[in-house]
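Trainee: fold the following, please.
(chains A and B)
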Amino acid sequence: MLKTMQKNGVILGTFAVLATTLIIIAQLLTADRIEAQQRQELMRTLNTLIPATLHDNDLYSDCVLLQRPDILGLAEQPVYRARIEGVPSALAIRTTAPDGYSGQIHMLVALTPQGVVKGVRVLQHRETPGLGDKIEVERHPWILSFDGQRMRSENDARWTVRRDGGMFDQFTGATITPRAVVNAVARTTWFAQSEMDALFSAPSNCLGDPEQWFEDQS
Amino acid sequence: MSSEYQTLTKNGLWENNPALVQLLGLCPLLAVTGTVTNALGLGIATMLVLIGSNVTVSLVRNFVPKEIRIPVFVIVIATFVTLVELLMNAFTYGLYMALGIFIPLIVTNCAIIGRAEAYASKNPWPQAAFDGFMMGLGFACVLVALGAMRELLGQGTLFDGAEMLLGEWARELRIQIVQFDYPLLLAILPPGAFIGMGFLIAGKNWLDGRRLQKAQQSPVVKAQRARVTTVN
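Mentor: As a prediction, this is how the structure comes out:
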């Protein structure tokens, strides 16, 4: 009896060790590629918001992690700075609306150094298909209505959906999603407007090796 | 030997189809079939896991004592799911994002452990691999059929987002069949999955019933059975 138990234990243990080894190997083999994919996805969005003509630095590595969960929704969110010959030309902040209809909505907000919104894109969300997912630019131009706007005060009344008396449309049948997006973008924009100089002057502290990034491109 | 493979094919695709007859793995099936692309992606992932786990379980069936076979199956299946997840994350990133939580949930697809227990643990590996392939194919076909129904009704398209699975060239595959002002949202939402699945099962049962009826009628037509064919 004891012997059977020992034997079974050894067999189970062997399987666990083999399985773990296999997964570790696969993880090591795919890690670089997965990171490159995530970077590429972010770069694609970054590049549409901040075109190549607006920067000569490497956007991905000129980046600071901000610890402002009250404004940006997550414990740490990166801001990417664009510069031409060292002069600030634009920045893009990753921000999260915590109060979407189905959880968090992750976004990228690009602004000029004067604090005017250059563009907003949704990176990831779980909103209702056909209703809330109109926040994706591929499905509806709604998200473009932020372009060229700026906050006049911290509680700028125009920065709400129409139903709440603001200037942004809601969708028929879906108010919660646009409301969450507008609020998050408003918070982020006001934060950027009031801390613009600090955002540009903070030293880069994000991971990301530009050389590796260029290798991945080829 | 060949008749064994024929039986396996028939079972996997129709007679004992994991989704339509065994009704296993319905959670991912209902959740991801909003579009053909998602359905195909999860179908292929499930098939790969099924083949891998069937082969492994079959190869180790003589070393694993009966008492600990279930934990071993679970380890094997979880390993393959993790491998598939890592590969999808690396090579089909868009689809990986779209399928999200449902890739790890393949572990909980009872169709896989069901095949390990019912078939792979008692048969040599080539048959087990074939069984995994056919069961996976049967499952994938139902996923794709349901995905096509829902995508067509909900979006009016087919193969939307195929480039996430197959690469950039597949962008061309997208077909706009109908243009809705207000698409049938119900089809995309979970109730649409249940209703669509109900129709698929009903359709299969109807076809089976008709075939059975024909088979009963054709050899000897007994006068007593007239009731069956009476139509007013």
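Trainee: how about residues contacting stretch A:141-161?
Mentor: Here stretch A:141-161 makes contact (CB atoms under 8 Å, 6 or more residues apart in numbering or on different chains) with A:109, A:114-122, A:134-137, A:165-171, A:175, A:178-179, A:181-183, A:185-186, A:189-190, A:193. Where you see a C-beta, it was placed from the backbone N, CA and C, and this is true even at glycine.
Trainee: from the residues you listed, which ones fall inside helices?
Mentor: A:178-179, A:181-183, A:185-186, A:189-190, A:193 (DSSP state H).
Trainee: looking at those residues, which is nearest residue B:197?
Mentor: Of all the ones in helices among the contacts of stretch A:141-161, residue A:178 has the smallest distance to residue B:197: 32.5 Å, by CB to CB.
Trainee: how about the biggest helix by length in chain B and chain A, touching?
Mentor: Longest helix of chain B, by residue count under DSSP H: helix B:125-155. Yes - Helix B:125-155 comes into contact with chain A (CB under 8 Å from any CB of the partner chain), by way of residue B:154.
Trainee: from the contact counts, what lies against that helix?
Mentor: Using 3 or more CB pairs under 8 Å, 6 or more residues apart in numbering or on different chains; DSSP states H and E, the elements in contact with helix B:125-155 are helix B:2-10, helix B:26-32, helix B:36-59, helix B:110-118, strand B:157-158, helix B:185-188, helix B:190-217.
Trainee: residues of the first one that come out buried?
Mentor: When neighbours are counted by 16 or more other CB atoms under 10 Å in any protein chain shown, the buried residues of helix B:2-10 are found to be B:8-9.
Trainee: which strands and helices lie in contact with that helix?
Mentor: Right, helix B:2-10 is packed against helix B:125-155 by 3+ CB pairs under 8 Å, 6+ apart.
Trainee: hang on, the earlier thing: winner for burial among the helices and strands packed on helix B:125-155?
Mentor: helix B:36-59 (a mean of 25; mean count of other CB atoms under 10 Å in any protein chain shown).
Trainee: CA atoms of that one as CSV?
Mentor: C-alpha atoms of helix B:36-59 as CSV (Å, rounded to 0.1, in the frame of the first residue of the first chain):
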residue,chain,number,x,y,z
VAL,B,36,-16.1,33.1,-38.0
THR,B,37,-12.6,34.1,-37.3
ASN,B,38,-12.9,33.8,-33.6
ALA,B,39,-14.7,30.5,-34.0
LEU,B,40,-12.0,29.1,-36.3
GLY,B,41,-9.2,30.3,-34.0
LEU,B,42,-10.6,28.6,-31.0
GLY,B,43,-11.5,25.5,-33.1
ILE,B,44,-8.0,25.1,-34.3
ALA,B,45,-6.6,25.7,-30.8
THR,B,46,-8.9,23.1,-29.3
MET,B,47,-8.0,20.6,-32.0
LEU,B,48,-4.3,21.1,-31.5
VAL,B,49,-4.7,20.5,-27.7
LEU,B,50,-6.9,17.5,-28.4
ILE,B,51,-4.4,15.8,-30.7
GLY,B,52,-1.5,16.6,-28.4
SER,B,53,-3.2,15.4,-25.3
ASN,B,54,-4.6,12.3,-27.0
VAL,B,55,-1.2,11.3,-28.3
THR,B,56,0.6,11.9,-25.0
VAL,B,57,-2.1,10.1,-23.0
SER,B,58,-1.9,7.2,-25.3
LEU,B,59,1.9,7.0,-25.2
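Trainee: next, the angle from that helix to helix B:110-118.
Mentor: 20 degrees (axes from the mean of the first three to the mean of the last three CA atoms, to 10 degrees).
Trainee: does any bit of helix B:36-59 sit next to chain A?
Mentor: No - judged by CB under 8 Å from any CB, helix B:36-59 and chain A are separated, with a smallest distance of 9.8 Å.
Trainee: buried stuff in the following helix or strand past that helix?
Mentor: Reading on from helix B:36-59 to the C-terminus, the next helix or strand found by DSSP states H and E is helix B:69-91. Buried residues in helix B:69-91, counted by 16+ other CB under 10 Å: B:69, B:72-90.
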